[in-house]
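K.L.:
Make a model of this:
(2 chains)
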Amino acid sequence: DAGVTQSPTHLIKTRGQHVTLRCSPISGHKSVSWYQQVLGQGPQFIFQYYEKEERGRGNFPDRFSARQFPNYSSELNVNALLLGDSALYLCASSLVPHNEKLFFGSGTQLSVL
Amino acid sequence: AQRVTQPEKLLSVFKGAPVELKCNYSYSGSPELFWYVQYSRQRLQLLLRHISRESIKGFTADLNKGETSFHLKKPFAQEEDSAMYYCALIGSNTGKLIFGQGTTLQVKP
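P.N.:
I've put the predicted structure just below:
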């Protein structure tokens, strides 16, 4: 099993653009969560999805959105990028939503210029 | 407010010395507390959780509700313990993990 996979690994965008980040959970895991990690800080919760439905949302603006597909993979979309959106975006999967044993991907490093 | 605080950005010790990584939390309710670890060039992974009261790689952590703390301890540090350590909590009936800022543990030979 390859574990949680995220693509792309690195991305460079300019202000105002939009971006789509992708995540494939571990086989059998139905819950996917997204976290933003700014340099020097711990990960911050953005979204959690389970069975294609949003189960939780962190304190992020509406420019951030996500969805989960029937195969449990997920996309995170960010519109109207700001410089402050530059961060490592982590995806984590678990069997069920309230499960502290999260398996993290390696992340997508987003740089906004 | 729900918050996890790790007061030390960097903790540097010599091999064989005791280690204590501090973690304090603020949460109205009964949270579950965890320690996650990220070794160099590896993914973030769960180290231990307070519910299981286990010892992993020689590390233990005791939840002190009175002091709202969940410090991570190891009696004798090893060089391979060098990593970034994150304390985290999860609220009841939520899947939202709240992380602290992280502490880099550096174990010198």
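K.L.:
Every contact and neighbour count from this point should use C-alpha atoms.
P.N.:
Noted.
K.L.:
Does the residue lying closest to A:Ser65 once chain neighbours are set aside lie in a helix or a strand, and which?
P.N.:
Excluding its sequence neighbours, the residue lying closest to A:Ser65 (Cα to Cα, 6 or more residues apart in numbering or on different chains) is A:Asn77, at 5.2 Å. For A:Asn77, the element it lies in under DSSP states H and E is strand A:74-78.
K.L.:
in that strand, what counts as buried?
P.N.:
A:74-76, A:78 (16 or more other Cα atoms under 10 Å in any protein chain shown).
K.L.:
Any stretches of the chain with poor pLDDT?
P.N.:
Chain wasn't specified; assuming chain A. For chain A, the stretches flagged by pLDDT under 70 are A:1, A:98-100.
K.L.:
Chain B, not that one
P.N.:
For chain B (pLDDT under 70), the answer is B:92-94.
K.L.:
Near chain B, which residues of chain A are found?
P.N.:
Within chain A, the residues that sit near chain B (Cα under 8 Å from any Cα of the partner chain) are A:40-45, A:48, A:55-56, A:97-106.
K.L.:
Okay, now the sheet partners of the strand holding A:Asn77, with direction.
P.N.:
The strands beside strand A:74-78 in its sheet (DSSP bridges) come out as strand A:19-24 (antiparallel), strand A:64-68 (antiparallel).
K.L.:
returning to what we had before: buried members of the residues of chain A next to chain B into PyMOL, please.
P.N.:
Here is the PyMOL command that selects the buried residues among these (16+ other Cα under 10 Å):
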select buried, chain A and resi 42+43+44+45+48+55+56+97+98+99+100+101+102+103+104+105+106
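K.L.:
among the residues of chain A next to chain B, which are in strands?
P.N.:
Residues of the residues of chain A next to chain B located in strands (DSSP state E): A:44-45, A:48, A:55-56, A:103-104.
K.L.:
still on that earlier bit, bridging across strands, which residues link to the residue nearest to A:Ser65?
P.N.:
For A:Asn77, the beta-bridge partners are A:Thr20, A:Ser65 (DSSP bridges).
K.L.:
so how far is A:Arg63 from it?
P.N.:
From A:Asn77 over to A:Arg63 the distance is 8 Å, taken as Cα to Cα, to the nearest Å.
K.L.:
Ok, A:Lys30 next?
P.N.:
Taken as Cα to Cα, the span from A:Lys30 to A:Arg63 is 25 Å.
K.L.:
Would you mind telling me which of these two has more residues around it?
P.N.:
A:Lys30 (21 against 11; other Cα atoms under 10 Å in any protein chain shown).
K.L.:
which residues does the more buried one contact?
P.N.:
By Cα atoms under 8 Å, 6 or more residues apart in numbering or on different chains, the residues touching A:Lys30 are A:50-51, A:72, A:93-96.
K.L.:
One more: A:Pro43?
P.N.:
A:35-37, A:90, B:98-99.
K.L.:
Beta-bridge partners for the residue positioned nearest the centre of chain A, please?
P.N.:
Nearest to the mean C-alpha position of chain A, counting by Cα atoms, centre = their mean, stands A:Trp34 at 3.3 Å. Under DSSP bridges, the beta-bridge partners of A:Trp34 are A:Phe47, A:Cys91.
K.L.:
From what I see, it and A:Tyr89 are in contact.
P.N.:
Yes. Using Cα atoms under 8 Å, A:Trp34 and A:Tyr89 qualify as a contacting pair, with a distance of 7.1 Å.
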